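In: A structural model of the following input is requested.
(one chain, ligands or ions: 1)
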Amino acid sequence: KRISSSKKLPPGSLGIPIIGQSLSLLQNMRGYKNIGPISKMCLFGKPTVFLYGQAANKFAFASDSSILANSQTESVKTILDHKRVRDALMSFLKPESLKQYVGKMDLEVRLHIDEYWQCKKEVTVLPLMKTLTFNIICTLLFGIERGARRDKLVDLFQEMIAGMWSIPINLPFTRYTRSIHSSKSVRNMLKDLIGEKGKELQEMGSNPHQDLITCMLSSRNPNDVEEISEEEIVDNSMLVMTAGHDTSAVVLTFLIRLLAKILLIALRYWVAEQEEIAKGKHRGESLIWEDITKMKYTWRVAMETMRMFPPIFGGFSQAVKDIENDGYIIPKLWQIFWVTSMTQMDDGIFREPQKFDPARFENPSSIPPYCYIPFGGGPRICPGSEFAKIETLVTIHYLVTQFTWKLSSDDCFSRDPMPASTKGLPIQIAPKKQMF
Ligand code: HEM
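Out: Model prediction:
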């Protein structure tokens, strides 16, 4: 459809080679700092409008579904649109439910530390944090306990994720092809699990709230046309696993890197806060919700970390019709791509954005709306933010009170598209004298 000549498309180019531009964009978002808050480009083969800044984010997050529709790139296409699925997920992830999970998370973290950190001189942080966050999700949300099955699932899953953002070239031995094979195996494992949980539910009347899959199964109703299908349960379980494990693992890795690299006074407060909480506990006593609420300073450090190194670089939606925004026309069916880091590193919003300063979050109302967006915004805002907060705080508590560490070698970070460390962040660790 031709756009009337009085309306102009955003500046930018649709002509740069598609694959090259998509790849360099994902690898280095900051290479795009010279373009305006609204501009056009070609991304993953589609005409795209690239947005950042407060007004642009408000448009991306607050527009209703008659203007912008949810969309994902082909390789990350999953759906959370079934109302009952979303309700089941939201009821699992709401803060009141999560309070009950602190003890379970605490146990997973301690078992992880016993297995992978105790008596070691060197560990590689990023893969360990991915294993930990994946295991926490498996236990808490899917009721898959430790053992060979969980280990197999974690391996397959990580292979699947590794190819999710790769260029879809379907040749043997490409990252993409391996990812497709792993994805099929993960789906089959989940189908088996759904079968088992369904049987348990029927035969033993298990508690619907024991895990997310049982919760989705128990809200099925065979007489209802809106019935949740097995495929939907699989899709959504995979979405939660994908959305929930790499993201938190990246935040944890950056926090550990901070303590090894930057000797800020601010970071000493963070360690002191955790040691104070540990002093109030008996040996082996689990953390409880009240302890989490005392970790205010640590959470500010994590927020500042997510400002400077957002785990998710942004998100996509699609114009449902021709839209006018900020003097430009966005044609129907074009992709909208909102970008986190460019807003969060804008010196008009965050003074001295390159400076690591957790004090920015002392008074959350001082941050203008739509400007701090590591969890997105609007109706599709991340439903797992509280879950991520609790698992981050519990993990950091045990690490900083039990170990000291330094970097084994200098490690570079790039985007893949998650912030990734070239060597996975190897560190040398030593046990702290147990004063508590
Ligand atoms: C620090 C950790 C995390 C960060 C930074 C993060 C960030 C995000 C962002 C930015 C989105 C929105 C993407 C978009 O609009 O396209 C999102 C969506 C989502 N997140 Fe998270 N997330 C984190 C942890 C988690 C965890 C732990 C879970 C689950 C336990 C989770 C579950 C989800 C789900 C299911 C969605 C999709 C929501 C939808 O499409 O409606 N996330 N996350």
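
In: And the pLDDT for the residue nearest to T124 when sequence neighbours are not counted?
Out: Residue nearest to T124 in three dimensions, not counting chain neighbours: G424, with 4.3 Å by C-beta to C-beta, 6 or more residues apart in numbering. Just so you know, the C-beta spots here come from the backbone N, C-alpha and C atoms, and that holds for glycine as well. G424 is assigned 89 on the pLDDT scale.

In: what sits against G424?
Out: The neighbours of G424, taking C-beta atoms under 8 Å, 6 or more residues apart in numbering as the test, are 124-127, 411.

In: how near is I429 to K120?
Out: Distance from I429 to K120, counting by C-beta to C-beta, to the nearest Å: 6 Å.

In: So for these two, which residue has more residues nearby?
Out: Under the criterion of other C-beta atoms under 10 Å, the comparison of I429 against K120 puts I429 first, with 21 against 13.

In: How is that one assigned, secondary-structure-wise?
Out: Secondary structure, DSSP: H, G, I helix; E, B strand; the rest coil: I429 is strand.

In: The residue nearest to T124 and the ligand: what is the separation?
Out: 18 Å (C-beta to the nearest ligand atom, to the nearest Å).

In: So which bits of the helix or strand hosting S237 are buried?
Out: Assigned by DSSP states H and E, S237 belongs to helix 230-261. For helix 230-261, burial by neighbour count (16 or more other C-beta atoms under 10 Å) applies to 232-260.

In: Tell me the secondary structure of the closest residue to R149 other than its chain neighbours, please.
Out: Ranked by C-beta to C-beta, 6+ apart and with sequence neighbours excluded, the top spatial neighbour of R149 is M189, at 7.4 Å. On the three-state scheme (three-state DSSP), M189 is labelled helix.

In: who touches M189 in this structure?
Out: So M189 contacts 149, 152-153, 156 (C-beta under 8 Å, 6+ apart).

In: hmm, which of these are the buried ones?
Out: Buried by 16+ other C-beta under 10 Å: 153, 156, out of the contacts of M189.

In: tell me which of the contacts of M189 is nearest to P374?
Out: Nearest to P374 among the contacts of M189 is L153, at 27.0 Å by C-beta to C-beta.

In: Identify the residues contacting the closest one.
Out: By C-beta under 8 Å, 6+ apart, the contact list for L153 reads 138, 144, 186, 189.

In: Phi, psi for it please.
Out: With angles defined as degrees, to the nearest 10, L153 sits at phi -60, psi -40.

In: what residues does the stretch 101-250 of the chain put near the ligand?
Out: Counting by C-beta under 6 Å from any ligand atom, the stretch 101-250 of the chain comes close to the ligand at 137, 239-240, 243-244, 247-248.

In: if we take the residues you listed, which one ends up nearest to A420?
Out: Nearest to A420 among these: T247, at 12.5 Å, using C-beta to C-beta.

In: from what I can see V49 touches I336, true?
Out: Yes: under the criterion of C-beta atoms under 8 Å, V49 makes contact with I336 at 5.4 Å.

In: shared neighbours, these two?
Out: Taking C-beta under 8 Å, 6+ apart as the criterion, V49 and I336 both touch 319, 330.

In: Count residues in the vicinity of N188, would you?
Out: When neighbours are defined as other C-beta under 10 Å, N188 has 12 of them.

In: ok, and for stretch 38-55, which residues are buried?
Out: Residues 38-44, 46-54 are the ones in stretch 38-55 that count as buried (16+ other C-beta under 10 Å).

In: helix or strand right after the helix or strand harbouring F337?
Out: Taking DSSP H and E as the definition, F337 sits inside strand 335-339. Next helix or strand after strand 335-339 toward the C-terminus (DSSP H and E): helix 340-344.

In: now the nearest residue to M306 once chain neighbours are set aside: how far from A55?
Out: Distances taken as C-beta to C-beta, 6+ apart put P374 closest to M306, at 4.0 Å, once the chain neighbours are dropped. To A55, P374 is 19 Å away according to C-beta to C-beta.

In: cool, and A272?
Out: 40 Å.

In: And for E96?
Out: Counting by C-beta to C-beta, the gap from E96 to A55 is 35 Å.

In: same check, this time on Q318
Out: Q318 is 20 Å from A55, by C-beta to C-beta.

In: Equivalent analysis for Y370, please.
Out: To A55, Y370 is 8 Å away according to C-beta to C-beta.

In: residue in the protein nearest to the ligand?
Out: The chain approaches the ligand most closely through G384 (2.1 Å), counting by C-beta to the nearest ligand atom.

In: Neighbours of that residue, how many?
Out: In terms of burial, G384 registers 21 neighbours under the definition other C-beta under 10 Å.

In: Look at the nearest residue to it once chain neighbours are set aside and report its pLDDT.
Out: Using C-beta to C-beta, 6+ apart and skipping the chain neighbours, the partner closest in space to G384 is G244 (5.1 Å). With respect to pLDDT, G244 scores 87.

In: what do you get for K7?
Out: Looking at K7, the pLDDT reads 68.
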